[in-house]
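In: Give me the fold of what follows.
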Amino acid sequence: MGVASLFGVAETAYATQVVKIGVSGPLTGANAANGKDIENGVRLAIDEVNGQHPTIGNEPVQFVMDSVDDQGDPRVGVQVAQKLVDDGVQVVIGHFNSGVCLPASQVFAKAGIPLIDPAATNPAITQQGLKTVFRVIPTDAQNSGIAGKYAVTVMKAKRIAVMDDRTAFGQGEAEEFKKAVKAAGGSVVISEFTNDKAVDFSAQLTNIKAANADLLFFGGLDDQAGLIARRMKQLGMHTVFLGGGAVADTIFTKIAGSSADGAMAWEYGRPLSTLPRGNEYAEKYRKKFGIDNLTYSPFAYDATMLAIDAMKSANSTKPEVFIPALQNSQFTGITGEVAFDARGDLKSPASTLYKLTNGKWSPVTTTIAN
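Out: Below is the predicted model of the structure:
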């Protein structure tokens, strides 16, 4: 065997295996900040792992991120899902919008690629019978279910109003909230809806005011929630504003201003500051990206670390080999313990109620879903 051949053998033996981790979220449009936050969480995890010079199957591994912009649009989401499949990704972290996640998850399932969901919360995502979908965040049935029960049994709301933005996310939140209110013996006196592009909610709020509602639950995102809370104040309403997930953040307070003091929102998971590695994560994120993290990047970070942990456990980067390791994961992440039920949802998800006081969101209580 010649010298060149010997070098060829050595090169092959020590070749670095490149493992692609796909990311899909809205990087443009109204939800771009949340999409970028998810992408940043994945990037932070990948950079940390690569810095440790990992090996899988006795081979050096380099993880790379393959990020696509699904624009928060189901049609585009399916197109870029196919692009990720064609790119040869081994796992996908996504999506932000439930309406995108529902059809895109089927593309990945058909290709045998696992999807780990850090943000989309409609229960239907894991009710499709797909064995490749896992979710590291509570569902709307869990989060909004807690919200509905709490509104009746603790807040003692007697006349409850509900409004949603007609998206798979917002409508899903609202329906699960109403189910929980009814189960707890409460009463929804009026239901209104808008769309996710609207900026004026005067008609709906006038009807809610006329119904003498003492609490309004809104299923939708932070930007519209802020506009609604501000308009409620302008209309002289004394109705308590209660939001579902994706409300208690700086986007809401920038829009609503001090007029929203007293607003409340149930958010997914535990407060980052109360978790053992939460403050450390927030500081690392701030140092790397120059901004504070939003709600979903810790979940995206955990989803990435979980996928890599499953590959290491299975000693393989092939999806068909490490998917069973994902299903059987017992993983401790930034957001807490991660273990999945038969559908791929969290076994013991936590939700936290926040209240806005003097322009700052503060945790009130944390509850574990049954």
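In: Break this structure down into its domains, please.
Out: 3-138+275-339, 141-268+351-368 (automatic domain parsing).
In: Looking at those domains, which is nearest to residue 345?
Out: Residue 345 sits nearest to domain 3-138+275-339 of all the domains of the chain, at 5.2 Å, using CB to CB. Quick note: C-beta positions are derived from backbone N, CA and C, even for glycine.
In: in the stretch 201-350 of the chain, which spans are strands?
Out: 215-219, 240-243, 264-268, 331-333, 336-338, 350-357 (DSSP state E, counting those that start in this stretch).
In: buried sites along the first one?
Out: Spelled out, it's strand 215-219. Using 16 or more other CB atoms under 10 Å as the test for burial, strand 215-219 gives 215, 216, 217, 218, 219.
In: does the first one have beta-bridge partners, and which?
Out: I take that to be residue 215. residue 160, residue 240 (DSSP bridges).
In: ok so, going back, generate TSV for the domains of the chain, with distance to residue 345 and mean pLDDT as supplementary columns.
Out: Shown next, in TSV, are the domains of the chain (distance: least, CB to CB, whole Å; pLDDT from 0 to 100):
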stretch	distance to residue 345	mean pLDDT
domain 3-138+275-339	5	94
domain 141-268+351-368	8	95
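In: And the strands in the stretch 51-200 of the chain, which stretches?
Out: Using DSSP E, counting those that start in this stretch, strands in the stretch 51-200 of the chain cover 55-56, 59-69, 91-94, 115-117, 133-135, 160-164, 188-193.
In: residues in contact with the fourth one?
Out: Taking contacts as CB atoms under 8 Å, 6 or more residues apart in numbering, the residues outside strand 115-117 that touch it are 91-95, 101, 104-105, 108-109, 125, 132-137, 303-304, 306-307, 326.
In: Apply 6 Å and report the result again.
Out: 92, 93, 105, 108, 133, 134, 135, 303, 307 (CB atoms under 6 Å, 6 or more residues apart in numbering).
In: Determine the number of other residues adjacent to the fourth one.
Out: Applying the criterion other CB atoms under 10 Å, we find 26 residues in the vicinity of residue 108.
In: Likewise for the first one?
Out: Taking other CB under 10 Å as the criterion, the count of residues near residue 92 is 30.
In: how much space is there between it and residue 104?
Out: 8 Å (CB to CB, to the nearest Å).
In: Repeat that for the last one.
Out: Residue 307 sits at a distance of 17 Å from residue 104 (criterion: CB to CB).
In: Residue 204 and residue 282, how far apart?
Out: From residue 204 to residue 282 the distance is 36 Å (CB to CB).
In: the more surrounded of these two?
Out: When neighbours are counted by other CB under 10 Å, residue 204 comes out ahead of the other of residue 204 and residue 282, with 21 against 17.
In: ok, that one - contacts?
Out: So residue 204 contacts 163, 192 (CB under 6 Å, 6+ apart).
In: residues contacting the most centrally placed residue in the chain?
Out: Residue closest to the average C-alpha location in the chain (CA atoms, centre = their mean): residue 119, at 1.3 Å. Residues in contact with residue 119 (CB under 6 Å, 6+ apart) are 96, 296.
In: if we can go back for a sec, which of the strands of the stretch 201-350 of the chain sits most buried?
Out: Of all these, strand 215-219 has the most neighbours on average by mean count of other CB atoms under 10 Å, namely a mean of 28.
In: Just the C-alphas of that one, formatted as PDB.
Out: In PDB, the C-alpha atoms belonging to strand 215-219 read as follows (Å, rounded to 0.1, in the frame of the first residue of the first chain):
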ATOM      1  CA  LEU A 215     -63.000  38.900  32.900                       C
ATOM      2  CA  LEU A 216     -61.900  38.700  29.300                       C
ATOM      3  CA  PHE A 217     -59.700  35.800  28.100                       C
ATOM      4  CA  PHE A 218     -57.900  36.500  24.800                       C
ATOM      5  CA  GLY A 219     -56.500  33.700  22.700                       C
END
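In: Which secondary structure state is assigned to residue 362?
Out: What DSSP: H, G, I helix; E, B strand; the rest coil gives for residue 362 is strand.
In: Spatially nearest residue to it (excluding sequence neighbours)?
Out: Spatial nearest neighbour of residue 362, chain neighbours left out: residue 355 (6.0 Å); criterion: CB to CB, 6 or more residues apart in numbering.
In: Quick check: the one you found touching residue 365?
Out: No - Residue 355 lies out of contact with residue 365 (CB atoms under 6 Å); the separation is 9.8 Å.
In: could you pull out the helices for the stretch 101-250 of the chain?
Out: Remark: helices assigned in the stretch 101-250 of the chain by DSSP state H, counting those that start in this stretch are 140-153, 168-183, 202-210, 222-234, 250-256.
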